[in-house]
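Chemist: sequence isn't available, so here's the structure alone:
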């Protein structure tokens, strides 16, 4: 009886990628595995067929030979090796099919990188806008100097763990399933230290407060983070250090409110300046500046002073200063001043709509509102 084409068995095209072949194999191996098919001989036979196909197509060299010579290249002991379901075969199937799901059994151990740290830094608006260099103190773990981070006493070296043979993990199997666990002997490092360093007691790191100089770039704002690579906690047993993140928070300012790259401020002006116009002095982060107020300005009018805002830390673009004028009613008037204001009011006459158009519009709207209610 002639054998079926291996590509047909896996349900893939002849130009399928290695990834597609492996994906098809996993799907079919799970479907036909004896532990799932409850002794069904026909399905067991299909499982053998799928396994055999993958043993050839999953190996680049064997696949090339098969593409050139077909099944004949692997007959008479030429290469396939079909095997049964005992011993090593099951282990290989488990590793290939479920390795990606449960972490794999052939993975080499990785050193556990040190933890990242966060340092909260509060700045004034002026400091955030102009930038500065700040010295900070950070309590953390650093590499042990006597053992150079290895954890072993000077003159000795860590040894490969005998339990996991350096993998850092062991595999626990129960029937069809297996779970990767951290090696209990070496705690996942793949090594054991028989003669630990006296300074760090085998950890490869010690607690210390580091003093660091942090350069704050001009234009930072609340929520920005500055990353200092490798300045976090040192990893155990010589593993790489984590990073330090400086989290910026900008305090409220008594005059300015920041929105992105723009600054906003309220500027009180007298009602005579608002009515007649004039020039006023306004604050900026660079000092005082002159602002012309046109006649008949009203409360809430905005004036934009270009280039007087904040320089963006990312694009370099400079924002604006936006001044909102608020007309201040005079207080503590003497009798002469009161009389002058009364004369001004009388001079406007009974119909003051042309002097106070917003007032007239408001009361006209109120009158209409009440008229509509009585209809």
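Modeler: Yep, it's here. Predicted, not measured: the structure shown is a model, and the values here were computed from it.
Chemist: which strand or helix spans residue 372?
Modeler: helix 357-374 (DSSP states H and E).
Chemist: that helix: which residues count as buried?
Modeler: Within helix 357-374, no residue is scored as buried using 16 or more other CB atoms under 10 Å. (C-beta placed from N, C-alpha, C; glycine too.)
Chemist: ok, now stretch 134-143?
Modeler: Quick answer for stretch 134-143 (16+ other CB under 10 Å): 138, 140-143.
Chemist: identify all contacting residues around that stretch.
Modeler: 114, 117, 119, 121, 149, 204-214, 216, 231-234, 238, 241, 244, 246 (CB atoms under 8 Å, 6 or more residues apart in numbering).
Chemist: give me the mean pLDDT for it.
Modeler: Across stretch 134-143, the average pLDDT comes to 93.
Chemist: can you check stretch 25-42 too?
Modeler: Mean predicted confidence for stretch 25-42 is 78.
Chemist: in the chain, which spans are helices?
Modeler: 6-10, 18-32, 34-37, 41-57, 60-69, 87-102, 125-130, 271-276, 335-347, 357-374 (DSSP state H).
Chemist: from the contact counts, what lies against the second one?
Modeler: When contacts are defined as 3 or more CB pairs under 8 Å, 6 or more residues apart in numbering; DSSP states H and E, helix 18-32 sits against helix 6-10, helix 41-57, helix 87-102.
Chemist: shaky segments in the stretch 101-250 of the chain?
Modeler: Low-confidence segments of the stretch 101-250 of the chain (pLDDT under 70): 101-111, 173-178.
Chemist: can you give me the strands for it?
Modeler: 117-123, 132-143, 159-160, 169-174, 177-182, 191-192, 205-216, 225-228, 244-250 (DSSP state E, counting those that start in this stretch).
Chemist: quick check: residue 258 vs residue 73, distance?
Modeler: 74 Å (CB to CB, to the nearest Å).
Chemist: quick one on the thing from earlier: now render the buried residues of stretch 134-143 as CSV, adding distance to residue 351.
Modeler: CSV is the format used below for the buried residues of stretch 134-143 (distance: CB to CB, whole Å):
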residue, distance to residue 351
138, 72
140, 77
141, 81
142, 82
143, 86
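Chemist: specify which member of the residues you listed is nearest to residue 283.
Modeler: Checking the buried residues of stretch 134-143 against residue 283 with CB to CB, the nearest one is residue 138 at 36.4 Å.
Chemist: can you say which of the contacts of stretch 134-143 are buried?
Modeler: Of those, these count as buried by 16+ other CB under 10 Å: 114, 117, 119, 121, 149, 204-206, 214, 216, 231-234, 238, 241, 244, 246.
Chemist: beta partners of the nearest residue to residue 120 once chain neighbours are set aside?
Modeler: Once flanking residues are discounted, residue 120 sits nearest to residue 247: 5.1 Å by CB to CB, 6 or more residues apart in numbering. Here residue 247 sits in beta bridges with residue 120, residue 225, going by DSSP bridges.
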